[in-house]
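# Predicted structure and sequence below. I'll ask about it afterward.
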Amino acid sequence: AVNINEFNQVSLRQNLDNPKILTVMNFNFWHKAKGIIEIAKILSRLSREINRPIEYTIVGDGLLRRKIEKTARALENDFLKINFTGFDDPKKYFPKADIFAYCSGFDNMPISVIEAMASGLPVISNKVGAISEIITDDIDGFISPDPADYHYNLRCMLEDSDLRKKLGQAARQKVREKFDWPVIL
């Protein structure tokens, strides 16, 4: 659960000449942290397809960060810029992002996804753990069963400002109704 009053509604941009993708991740578990590499692979291909720069920011730290960072940076290209911030308060980054991307090989119920939804960010994730209890696919986010579907859904989000707005608003409402602390208590 989160206290939704601690998360300001983000103001989503209409035109994404330079889309900003955000992930918040713990780098202490390989099966979790390797999701950053999967997202970076998708963004590397996608940035060349749409022929626009994409900025990918990853907030978080842990034992595997340097290894993941080295592998992810090898996927940068003329259109993809990857930023690793280290440990920081993710609330500072939500207003700067256009889309929250999550991918993990093993997870339970990632609080970072709920926090991004509480901010009104459109969220895309792979199918892992309890993600399907947090996100209702194509209603308040996207759950992608494989990299090809993730790529397709992310491209749709990048190209459709109305879709991003619809998903973000529905996500915030879902958190208000199901994951706000007063509701949980």
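Cool, got the structure.
# going forward, measure contacts and count neighbours with C-alpha atoms only.
Fine.
# Need the pLDDT of residue 15.
With respect to pLDDT, residue 15 scores 87.
# The one 4 residues further on now?
Residue-level confidence at residue 19 comes out at 97, pLDDT.
# quick one: the closest residue to it other than its chain neighbours and residue 111, what's the gap?
Nearest residue to residue 19, sequence neighbours excluded (C-alpha to C-alpha, 6 or more residues apart in numbering): residue 54, at 5.1 Å. Look at residue 54 and residue 111: by C-alpha to C-alpha, to the nearest Å, they are 25 Å apart.
# and if you look at residue 175?
Residue 175 is 11 Å from residue 111, by C-alpha to C-alpha.
# Give the residue from those two that has the larger number of neighbours.
Between residue 175 and residue 111, residue 175 has the larger neighbour count (other C-alpha atoms under 10 Å), namely 26 against 14.
# Surely that one and residue 114 touch.
Yes: using C-alpha atoms under 8 Å, residue 175 is in contact with residue 114, at 6.9 Å.
# what's stretch 61-81 in contact with?
Identification of contacts with stretch 61-81 by C-alpha atoms under 8 Å, 6 or more residues apart in numbering yields 25-30, 33-34, 36-37, 40-41, 43-44, 47-48, 51-56, 82, 84, 86-87.
# circling back: who's in contact with the residue nearest to residue 19?
18-21, 43, 47, 79-81.
# and it, bridged to which residues?
residue 80 (DSSP bridges).
# Got the confidence number for it?
Looking at residue 54, the pLDDT reads 98.
# Numbering from 48 from now on, please.
OK, 48 is where the count begins now, so the last one is residue 101.
# For residue 128, see how far away it is.
Using C-alpha to C-alpha, we find residue 101 at a distance of 6 Å from residue 128.
# just residue 188 next, same as before
For residue 188, the distance to residue 128 - C-alpha to C-alpha - is 24 Å.
# So the two - more neighbours on which side?
residue 188 (27 against 19).
# For the more buried one, which non-adjacent residue is closest in space?
Counting by C-alpha to C-alpha, 6+ apart, residue 188 lies nearest to residue 170, which is 4.9 Å off, once chain neighbours are set aside.
# Count the neighbours of the residue lying closest to residue 223 once chain neighbours are set aside for me.
The shortest distance from residue 223 to any non-neighbouring residue, by C-alpha to C-alpha, 6+ apart, is to residue 51 (6.5 Å). Taking other C-alpha under 10 Å as the criterion, the count of residues near residue 51 is 21.
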